[in-house]
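> can you look at this prediction? I've put the sequence above it.
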Amino acid sequence: MSTRRALSFGRMLPRLVVASGLLSLVLLIPVAKTEPEQKVDGRVVRQAAAALAAPDLSARIADLGEGFDGRVGISVRDLTEGWTTNFDGDTAYPQQSVSKLWVALAALDAVDRGRLALEDTVTIRPENLSVFHQPIRARVVSAGAYAATIRQLLAGAISQSDNTANDVLLSTVGGRAVVQAAVNARGLAGITASPSERDMQTETAGLEWRREYSFEHSFWNDRDKLPLEFRRVSLDEYLAHPPDAATPNGMVNALDRLHAGKLLGPRSTQLLLQLMFEAETGPSRLKAGLPPGWTLAHKTGTGQVLGPVATGFNDVGVITAPDGHAYAVAVMIAQTRTSIETRQDVMVAVARAIVAHHDRELASQAGT
């Protein structure tokens, strides 16, 4: 049974009449593990429990996923009660800049182990620059070189989604293999460490890296010269086998463990969550669906566009209610022809669904 069919079945669960029969049927649903230490049956019960603990939210998430014109994966985990509800949550999606979280994880792990210090400096020169969004480039270009601390690189990569800050940090920790090792050591199934932004973006476009792509519009100019069909084949290959793949369920599991302080030491955990809270990107995504008093610590990702096709449009994070109740959420769009506004709207709708569920739970508790 596919994840989508399993979700549809999950929406029918409240209508079943015999509790013992309900559990027997639930255990027949094949749900992939996202935490290696958990038994399969235990994982199935937790996922199915969402249909009982939050039938309204489960139904809304399924409706949003089924109604979206494109490939979307949605996962929500209640970090207090532990249940997860999802739509296509075990399918791999491109992360794009969401993958910067795992570079930060590896860097902060090195800090925790004493191999790096937050005030250590790394000199960035023009040849170290990346592509697309890189606010730090202005400082490098104006001075010919710029010495940034590890703390500054982390802030640039997470809060500003600076591609150069990420790529320099990736090189400093020892490369993609070291990042993947940090992910694997924590049992974060469904999470893949990404190549550098400049390598991944040039390959996705069907180009080979050139230093001038860090400046002006050289990247776009050369990309536009490529035959459209060649670009389409390159983009299709990226979507079919994303080198930065992650599952929405794997993502909320990782966010859950980060929030619980199980991935890093206390200071590093606090720093990473604070940088995510200070994120400047994606104000019209999940954040736009939250009322006053609610907070979001998150990371966005945005991929390349070819004609009407947009790729890798993501927002993942931890949403916290005014009473401290927290939810991990991941909305990942692999491919769609919809407008930016439509993509943002589905994220806003997910955030609002979480708020509505939480408010209903509070009202229900107040009435008992």
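All right, it came through fine.
> what pLDDT, on average, does stretch 146-166 get?
In this model, stretch 146-166 carries a mean pLDDT of 98.
> just the endpoints, please. Distance across that stretch?
Terminal residues of stretch 146-166 are spaced 15 Å apart (CA to CA, to the nearest Å).
> buried set for it?
For stretch 146-166, burial by neighbour count (16 or more other CB atoms under 10 Å) applies to 146, 148, 150-166. The way it works is simple: take the backbone N, C-alpha and C, and place the C-beta from them, glycine included.
> and what of stretch 112-129?
Those would be 112, 116, 118, 122, 124, 128-129, for stretch 112-129 by 16+ other CB under 10 Å.
> which of the buried residues of stretch 146-166 fall within strands?
The strands, defined by DSSP state E, take in 146, 148 from the buried residues of stretch 146-166.
> can you give me the helices in the stretch 151-300 of the chain?
For the stretch 151-300 of the chain, the helices defined by DSSP state H, counting those that start in this stretch occupy 163-173, 176-185, 197-205, 218-225, 228-240, 248-259, 266-277.
> for Glu361, which of the ones you listed is the nearest?
For the helices of the stretch 151-300 of the chain, proximity to Glu361 was assessed by CB to CB; helix 248-259 is nearest, at 18.6 Å.
> contacts made by the closest one with the rest, please.
The contact list for helix 248-259 (CB atoms under 8 Å, 6 or more residues apart in numbering) reads 32, 34-35, 73-77, 79, 84, 86, 88-91, 93, 98, 101, 186, 188-191, 263-264, 269, 272-273, 316-318, 326, 328-332.
> can you list the domain ranges for this structure.
54-89+248-367, 98-240 (automatic domain parsing).
> hey, where'd the strands end up in the chain?
Under DSSP E, the chain gives strands at 70-78, 84-87, 93-94, 121-124, 146-149, 245-246, 295-301, 305-306, 309-320, 326-336.
> so in that sheet, which strands flank the second one, and in what orientation?
If I follow you right, that is strand 84-87. With DSSP bridges as the test, strand 84-87 is paired with strand 70-78 (antiparallel).
> tell me the mean pLDDT over the partner strand?
On average, strand 70-78 scores 97.
> now do stretch 320-337
98.
> what about it, distance to the chain center?
Distance of stretch 320-337 from the chain centroid (CA atoms, centre = their mean, to the nearest Å) equals 9 Å.
> and if you look at stretch 229-236?
25 Å.
> so what's the nearest residue to Gly312 once chain neighbours are set aside up against?
Computed as CB to CB, 6 or more residues apart in numbering, the closest residue to Gly312 that is not its neighbour in sequence is Gly303, at 2.7 Å. If you count contacts by CB under 8 Å, 6+ apart, Gly303 has them with 94, 96, 204, 310-313.
> and those, which two are furthest apart?
With distances taken as CB to CB, the most widely separated pair in the contacts of Gly303 is Thr204 and Phe313, at 14.3 Å.
> more neighbours: which of the two?
Neighbours were counted for Thr204 and for Phe313 using other CB atoms under 10 Å; Phe313 has more, 29 against 25.
> Gly282 versus the more buried one, what's the distance?
According to CB to CB, to the nearest Å, Phe313 stands 10 Å off from Gly282.
> what's the burial count for Ala245?
18.
> and for Gly82?
For Gly82, using other CB under 10 Å, the count is 12.
> related to what we said a few turns ago, winner for burial among the strands of the chain?
Of all these, strand 93-94 carries the top mean neighbour count, a mean of 30, counting by mean count of other CB atoms under 10 Å.
> quick one: low-confidence parts of the protein?
Counting by pLDDT under 70, the chain has low-confidence residues at 1-48, 51, 368.
> for it, what's the longest helix?
Secondary structure assigned by DSSP state H gives helix 340-367 as the longest helix of the chain.
> name the helices or strands packed onto it?
Secondary-structure packing of helix 340-367 (3 or more CB pairs under 8 Å, 6 or more residues apart in numbering; DSSP states H and E): helix 55-67, strand 70-78, strand 309-320, strand 326-336.
> could those be laid out in TSV, adding distance to Val252?
Converted to TSV, these look like this (distance: least, CB to CB, whole Å):
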stretch	distance to Val252
helix 55-67	12
strand 70-78	4
strand 309-320	8
strand 326-336	4
